[in-house]
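S.K.: any chance you could fold what I've pasted below:
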Amino acid sequence: MTSYRPAAPRNSGMLADSLWAATASPPPQLPVLEGEAAFDVAVVGAGYTGLSAALHLAERGVRVAVLEAEEPGWGASGRNGGQVNPGFKLPRGDLRRLFASDVADRMYDVGADAPRFLFDLVRRTGIECAAAQTGTYRLAHSAPALRALQGAAETLAGEGTPMRQLDRQAISGEIGAIGYLGGFLDARGGNVHPLDYVRGLARAAIARGAAIYIGAQVGTLQREAGRWRVRTRGGSVRADSVIVGTNGYTDGLWPGLAASLLPVLSFQIATAPLGAADARAILPGRQAVYDSRRLVLYFRRSPDDRIVLGGRASFTVAHRTADYGVLRRVLTGLYPALAAVPIDYRWAGRVAITRDFLPHLHEPAPGLFVAVGYNGRGVAMATRMGALLADVACRQDDVPFPVTPIRGIPLHAFRQPVLHVAMLYQSAMDSLGR
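M.R.: Okay, here's the model as predicted:
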C-alpha cells in the first residue's frame, strides 16, 4: 500500500496549479550546473523518458547526468492524468502494414508490456506514488465505436490478454457513468500519482549514482573530437553520448525534431472530494477510463476521492478558460449528480502527437539518441522507452524497437490553423457518433 499526501494549499512555484502539485511529496533538492563536467552520457529532460534512461544507465555503472531546464516533472510528466495505459493507438494489424511482421510484433509487445514494466519498476525501486494496477476501462460512446471495441476485445482475448467485456448495464453499475453502450476492462492498466512518480524516478536515479541538474536549459549540442559538448546557461557537459527526452516540450535544439511533432495541450480538471454516496457509485474500484471519442476523453478517481477528467478540449498550446468549461460540461453529462460539485483544480500539459500515432526512436547523429511522440500514452511508454534508450546508448544488440529517421510533418509551420480545422472535424464526428 503506497502513501498519499492530502491536498495542501495551492502550489505557487514553477509547477502547474494542479491537484498533483498540491498533493505531491517534496521534490528532491538538486544542484545547478556550473562550469564544465564530464560524463559518459548526458540526458536532456527530466521527465519519464530522461529519468528512466538515467536510472537504467546508472544501474549499469554508466556515469550519467540529466540536464533539466526547470525541475523534474515540470512538463507533462508532472501534469498528466496518471493513467498507466497499455499499448499503442494502433493495433497489431496496422503495425504490420507499416513494418515487417517481426518488427511490428516486437513493437506491439513493447507497448503491451509497458504497464507491467512500470509497476515492476515501482516495486523494485520502492517509489511511493499511489501506484495501483486496477485495470483500464475502454468504453464506447457510439454504436460504430462499440463494434470496433468488441473487435479489439476479441483480438486481445485471443492473444491471452486478461480482459472482461461489459454491456451498458455493467458500465452503469461499475463506473456510475451514463451514455456508454459497452466496452471492456483491460487488467494490465492502472494509475499512479504522476508527479510523485517522476520525483520518485529522480530519487531512484540519484541513489544509483546519476547526477541531475536543474536550471540547466540546453542551448546547443556540438560534436567535438568524437565527443559531445552540451552547453547550458551556466555550464557545459562533455559526454560520449546524448539522450534527448523532451517530447511535447521539444524546441529547436536539434534540426527537424520539433517539426516531426504536433504539441497540443491536454486539459484536466479535478473536482472537490466526493461525498459518501457518490464515492460508492463512481469508480469504486478506482480504475482508469478512456473512451472512444476522436477528441480523447479520460477520467479516474484520485486517491483522495476526486474525479480527475481530461481530454482534448481544443488543439492549442494556449490556456483558455473556455477549454475547462468544455470538460465541466462533459463531466456533468457523464455524472449529472456532480453538477453542483466544485472544480478545485484546472491545469494542462503538452502531448506530442506524431504523424503515424506511434512513438519514435531516432539516432540522427552518432551517439545522439532521441525518443518522442507518446500520443497521450506516455506514462507507461515513456518509462519503457527510457529503458530502451539506455539499451541503445550501451549499444545492446537486438533492441525490440526500430530506430527510424526524423521525418517532418508537412505544413508544420501552419499547424495551428490546420489543427483547429481538424479539431472542428473531429468534434463533429464525435457528435455524430462516428
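
S.K.: from here on, contacts and neighbour counts on C-alpha atoms
M.R.: OK.

S.K.: longest single helix anywhere in the protein?
M.R.: helix 101-125 (DSSP state H).

S.K.: got the contact list for it?
M.R.: With CA atoms under 8 Å, 6 or more residues apart in numbering as the test, helix 101-125 has contacts from 84-88, 91-92, 95-96, 98, 128, 131, 133, 188-190, 204, 380-381, 383-384, 400-402.

S.K.: again with stretch 166-176
M.R.: With contact meaning CA under 8 Å, 6+ apart, stretch 166-176 is reached by 177-178, 180-185, 281-285, 335.

S.K.: ok so, going back, in helices, which of the contacts of helix 101-125 fall?
M.R.: Short answer: these in helices (DSSP H) are 92, 95-96, 98, 204, 380-381, 383-384.

S.K.: just name the shakiest helix or strand of this structure by mean pLDDT.
M.R.: Among the helices and strands of the chain, helix 415-431 carries the lowest confidence by mean pLDDT, DSSP states H and E, at a mean of 55.

S.K.: what about residue 20, which SS state?
M.R.: Here residue 20 is recorded as helix under DSSP: H, G, I helix; E, B strand; the rest coil.

S.K.: ok, back up a step: so among the contacts of helix 101-125, which ones count as buried?
M.R.: Among these, those scoring as buried are 84-88, 92, 95-96, 128, 131, 133, 188-190, 204, 380-381, 383-384, 400-401 (criterion: 16 or more other CA atoms under 10 Å).

S.K.: now the helices for this protein?
M.R.: 19-23, 48-58, 92-98, 101-125, 143-158, 168-175, 194-207, 276-281, 321-334, 378-393, 415-431.

S.K.: among these, which is the most enclosed?
M.R.: helix 48-58 (a mean of 30; mean count of other CA atoms under 10 Å).

S.K.: and it, what other elements does it pack with?
M.R.: strand 35-44, strand 64-67, helix 194-207, helix 378-393 (3 or more CA pairs under 8 Å, 6 or more residues apart in numbering; DSSP states H and E).

S.K.: mean confidence for that helix?
M.R.: The average pLDDT within helix 48-58 is 98.

S.K.: dump that helix to CSV, restricted to CA.
M.R.: Output of helix 48-58 as CSV, limited to C-alpha atoms (Å, rounded to 0.1, in the frame of the first residue of the first chain):
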residue,chain,number,x,y,z
TYR,A,48,9.7,10.0,-17.5
THR,A,49,11.9,9.3,-20.6
GLY,A,50,15.0,11.0,-19.4
LEU,A,51,14.8,9.8,-15.8
SER,A,52,14.0,6.2,-16.8
ALA,A,53,17.0,6.3,-19.2
ALA,A,54,19.3,7.8,-16.5
LEU,A,55,18.1,5.2,-13.9
HIS,A,56,18.7,2.2,-16.2
LEU,A,57,22.1,3.6,-17.3
ALA,A,58,23.2,4.3,-13.7
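
S.K.: can you give me how far that helix is from the chain middle?
M.R.: Computed by CA atoms, centre = their mean, to the nearest Å, the chain-centroid distance of helix 48-58 equals 15 Å.

S.K.: and the angle for it with strand 35-44?
M.R.: 110 degrees (axes from the mean of the first three to the mean of the last three CA atoms, to 10 degrees).

S.K.: just give me the closest of the ones in helices among the contacts of helix 101-125 to residue 35.
M.R.: Compare each of the ones in helices among the contacts of helix 101-125 with residue 35 using CA to CA and the shortest gap goes to residue 204, at 25.4 Å.

S.K.: okay, the closest one: pLDDT?
M.R.: 98.

S.K.: swap in residue 265?
M.R.: Value for residue 265, per-residue pLDDT: 87.

S.K.: tell me the bridge partners for it.
M.R.: Bridge pairing for residue 265 (DSSP bridges) gives the partners residue 350.

S.K.: I'd say it and residue 351 touch.
M.R.: Yes: applying CA atoms under 8 Å as the test, residue 265 and residue 351 come out as touching, 5.9 Å apart.

S.K.: compare these two (neighbour count), which wins?
M.R.: residue 351 (27 against 22; other CA atoms under 10 Å).

S.K.: just the pLDDT for that one.
M.R.: Per-residue confidence (pLDDT) for residue 351: 91.
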